[in-house]
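> Got a sequence here, can you build the structure:
(chains A, B and C)
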Amino acid sequence: MDARKPTLSLGPVLYLWDGPKWRDFYCRIADEAPVSHVVIGETVCSKRLHFTEPFLVDAIDRLESAGKQVILSTLALVTLERESHYVRALVADSPYVVEANDLSALALLEGRAHAVGPLVNVYNAATARLLARRGATSICLPPELPASSIDAIVSQTPGIAFEVLAFGRMPLAISARCAHARAKGHIKDNCQFVCGEDPDGLPVKTLDRQSFLALNGVQTVSFTCQALLTELHELAFQGVQRFRLSPQDCDMVAVARLYEDVMAGRMDAEDALQRLRQAYPAAPLSNGFHHGREGAAWIARARNIAHGAT
Amino acid sequence: MELICPAGTPAAFREAADAGADAVYCGFRDETNARNFPGLNFSREELGEAIAYARRRDTKTFVALNTFMRAGHEELWYQAAADAVRVGADALILADFGLMAHVAETYPEQRLHVSVQASVSNPDAVNFLVEAFGAKRVVLPRTLTIADIARLARQVRCEIEVFAFGGLCVMAEGRCSLSSYATGKSPNMNGVCSPPSHVRYREDGGDLVSELGAYTINRFPREEAAGYPTLCKGRFDIADARGYAFEDPASLDVMGEIDALREAGVCALKIEGRQRGKAYVGEVVATLRKALDARPEDRPALLARLRLLSEGQRTTCGAYEKRWR
Amino acid sequence: MEFPRPLAAPLALLPIPIVEGAVKLMFSSLMKRHPKLFDRLGEHRAKRYAFRPTDLPLVFLVEPARPAITLMRRQANPPADALVEGSLFRLLTLLEGRSDADALFFARSLTVTGDMEAMLALRNALDGSEIDLPRDLGAAAGPFAPLFSRAAAAIRRRALAGENAAWN
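Below you'll find the model as predicted:
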């Protein structure tokens, strides 16, 4: 087994939660969740920044005192002048590691240690090595990547801590247009922050009432929830160093503990899956991308449970 | 402003060149480009012939290698770049940093354009690619207003190309996994969006139902214009409302804004549609050529014709117009 | 736009073997002129494609692998992997790539069912082939060659006269 024992990280809250709820969430994570890294800060929509800004310093303090490594997130889509200014200021002033989620942050972070988020297109080792040369120290790979790509990239890119999304609805797309506001009869410029009404995303169903996607402001996420649990040991063996949990509106401390238990060998992955379904009943689980299939698919791994047990 | 025209086959290429394209863009018949549809695109030999044909008409040829290299199989993209350079491509249109770095290093003289798939939406990002890889031109994503483009153009040191007509991505290009979520095939990895291998049409009580993978994407009553089941142009239910959640089945058409785009600093207008037939390419290129050269007041009549060729027979200005957001 | 009646009528009335003989002759003439026609199909070469004109009681079945064309009476489920339906006139314009299949489809003038990938491959193969019906079929011998040549010329005249704008 690889000597480096992987840890858990918490991705940024992608949804618009009201300020106090957001603060309480991070307090509890600081106190109770077995995660080593916490990525924090608005990622989806610059219009939401003022909701969490008043609580950001306190949340970071609390996380740091609890021994968590704090990483500041950046915006996924930067088109407006004020968005450019925000990212520039954040990169210039941050005493913490910054995670690039678009090319502007990536450009500005050159020459200093930084993280690369799952919304930057890293599909191969050539790209990962290029980012490493520019100063990236960790890369959270895009959720779309199959296991074969993860293996190839990790094995050919020394010196980078790779991270894989192991829990949460998958970010699938981002747009200049706000489908969430549109669904509630508004346009983006006068959205009235209606995305705040759906702290776990607004479900999109097909005309045949199949659950399909969820809206999160200008972002579209999967309806299903990525759940890599039976895959954790294999990924760790391949050298993945962190497993990212993306916050959903559920007991994330319980979720983190389940993953921790599986990583430590205290709980069987199949048991953990059952408990995960109870901890987050809102969405069916999926792992299709990882297995080279459609992302919404759930590939049961009964035949592979024997990994490490035979 | 240059008119950059699509070609999915040599026949469409000649059609575009003859109809007045300043440059034609195309790709190889494999996953190295984002229009990897069956029966489409060019062999090495066909590309060589097409480039020779274009040269005789003073038309340029851009080769799109705008998917992201599949880990462990980078050689396919490197070889495609080598072949495109060898047969004389005037520019390579790239999206993957790893491939950009390879091309910039191996063929320093080769003109490099940044594909829309790279999702470069602000001056910092553009300047990064100019400095890091010597990019000469960026194709901007369809997420910017004309005012955004003008502001960006003032802050960058490279040419700007924008989409002016054709299919419209609602999502930021190169950052969308909707297709692979439903089918396992994505624009970034496989060069296809909503791939035909997963498309099914069925009749249901007089309606035409379109499906992608396991999902119903739309349902068209008999008298309604139909659309291809592209995920982001589907009809869905959100809470109690039914409708086009992301975008109606419509095509982009900003030819009415030619002058504004020119003033914004745009140097090239791109027509989408390598997957469309040569009849479409010929008609659209000829019409837009005329429109570009026409007086502003004569343009609307020229452009009205093209609506009939569009998805849902409707067009939109998309993100170029602020209220679209 | 309907297929001109005087041209369609004999096709509907004649015994199938006679029409089929003429169609086969034209098909082989086309294949001679465009030997690479089906190269673009790749893996879809082995598929069978049915064309069902809405204005004729017939189905044309094309098998690129052989390559061969057969004619049968109109039926609900022809033995094919992919089926395209539309007026004969539209089907012939598609053959020439003079009209845009996507536009026709969006306008509901064509219906496609079955293996969409195969059908798209064939569409692209035809589109890339530069078939010219009056020229290609004018060369064909046989009793119906003039008939089809005339039909083809009619298509060409209309297409070039700018009736494309009325594709919807």
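
> tell me which helix or strand of chain A sits lowest on mean pLDDT?
Ranking every helix and strand in chain A by mean pLDDT, DSSP states H and E puts helix A:179-183 at the bottom, with a mean of 94.

> who does the helix or strand just after that helix touch, helix- and strand-wise?
Once helix A:179-183 ends, the next helix or strand along the chain (criterion: DSSP states H and E) is strand A:202-206. If contacts are counted by 3 or more C-beta pairs under 8 Å, 6 or more residues apart in numbering or on different chains; DSSP states H and E, strand A:202-206 sits against strand A:211-216, strand A:219-227, strand B:215-220, strand B:235-238. Just so you know, the C-beta spots here come from the backbone N, C-alpha and C atoms, and that holds for glycine as well.

> if you set the cut-off to 7 Å instead, what comes out?
strand A:211-216, strand B:235-238 (3 or more C-beta pairs under 7 Å, 6 or more residues apart in numbering or on different chains; DSSP states H and E).

> State the mean pLDDT of the first one.
Read it as strand A:211-216. Across strand A:211-216, the average pLDDT comes to 98.

> Equivalent analysis for stretch A:268-280, please.
97.

> buried sites along stretch A:193-207?
A:193-196, A:198-207 (16 or more other C-beta atoms under 10 Å in any protein chain shown).

> For residue B:104, find the nearest of the helices and strands packed on strand A:202-206.
Residue B:104 lies closest to strand A:211-216 among the helices and strands packed on strand A:202-206, at 36.4 Å (C-beta to C-beta).

> Okay, now the sheet partners of the closest one, with direction.
Applying DSSP bridges, strand A:211-216 is found paired with strand A:202-206 (antiparallel), strand A:219-227 (antiparallel).

> tell me the most buried of the helices and strands packed on strand A:202-206?
Comparing the helices and strands packed on strand A:202-206 on average neighbours per residue, with mean count of other C-beta atoms under 10 Å in any protein chain shown, the densest one is strand A:211-216 at a mean of 24.

> Mind listing residues that contact it?
Identification of contacts with strand A:211-216 by C-beta atoms under 7 Å, 6 or more residues apart in numbering or on different chains yields A:14-15, A:44, A:169, A:179-180, A:183, A:195, A:201-206, A:220-223, B:215, B:236.

> 8 Å instead?
Applying C-beta atoms under 8 Å, 6 or more residues apart in numbering or on different chains, the contact partners of strand A:211-216 are A:14-15, A:44, A:169, A:172, A:179-180, A:183, A:195, A:198, A:200-206, A:220-223, A:283-284, A:296, B:178, B:181-182, B:215, B:236, B:238, B:245.

> hey, where'd the helices end up in the stretch 1-150 of chain B?
B:10-19, B:44-56, B:74-87, B:97-106, B:123-133, B:146-154 (DSSP state H, counting those that start in this stretch).

> same for the fifth one, what does it pack against?
I take that to be helix B:123-133. Checking 3+ C-beta pairs under 8 Å, 6+ apart, helix B:123-133 ends up next to helix A:81-93, helix A:103-108, helix B:97-106, strand B:112-114.

> give me that answer again for 10 Å
Contact partners of helix B:123-133 among helices and strands, from 3 or more C-beta pairs under 10 Å, 6 or more residues apart in numbering or on different chains; DSSP states H and E: helix A:81-93, helix A:103-108, helix B:97-106, strand B:112-114, strand B:137-139, helix B:146-154.

> pLDDT wise, what is the nearest residue in space to residue B:143 that is not next to it in sequence at?
Nearest residue to residue B:143, sequence neighbours excluded (C-beta to C-beta, 6 or more residues apart in numbering or on different chains): residue A:176, at 3.6 Å. Here the pLDDT value assigned to residue A:176 is 89.

> ok, residue A:176 - contacts?
A:77, A:79-80, A:188, A:218, B:121, B:141-145, B:148, B:170-172, B:318-319, B:322, B:324-325 (C-beta atoms under 10 Å, 6 or more residues apart in numbering or on different chains).

> Narrow those to just the buried residues.
The neighbour count (16+ other C-beta under 10 Å) marks A:77, A:79-80, A:188, A:218, B:121, B:141-145, B:148, B:170-172, B:318-319, B:324-325 as buried among the contacts of residue A:176.

> got the CA coordinates for stretch A:112-120 in CSV?
Taking C-alpha atoms only, stretch A:112-120 is exported to CSV below (Å, rounded to 0.1, in the frame of the first residue of the first chain):
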residue,chain,number,x,y,z
ARG,A,112,2.9,30.8,-6.2
ALA,A,113,1.6,27.6,-4.6
HIS,A,114,-2.1,27.2,-5.4
ALA,A,115,-4.8,24.6,-5.8
VAL,A,116,-6.7,23.8,-9.0
GLY,A,117,-10.4,23.1,-8.7
PRO,A,118,-12.6,20.6,-10.6
LEU,A,119,-13.9,23.2,-12.9
VAL,A,120,-10.6,23.7,-14.7
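
> In that stretch, which residues are buried?
Buried-residue list, stretch A:112-120, by 16+ other C-beta under 10 Å: A:114, A:115, A:116, A:117, A:118, A:119, A:120.

> would JSON lines of those residues with distance to chain C be doable?
Converted to JSON lines, those look like this (distance: C-beta to the nearest C-beta, whole Å):
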{"residue": "A:114", "distance to chain C": "42"}
{"residue": "A:115", "distance to chain C": "40"}
{"residue": "A:116", "distance to chain C": "35"}
{"residue": "A:117", "distance to chain C": "35"}
{"residue": "A:118", "distance to chain C": "31"}
{"residue": "A:119", "distance to chain C": "30"}
{"residue": "A:120", "distance to chain C": "32"}
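
> In strands, which of those fall?
If you go by DSSP state E, the buried residues of stretch A:112-120 have A:114, A:115, A:116 in strands.

> Looking at those, which is nearest residue A:68?
residue A:115 (14.0 Å).

> Understood, closing this out.
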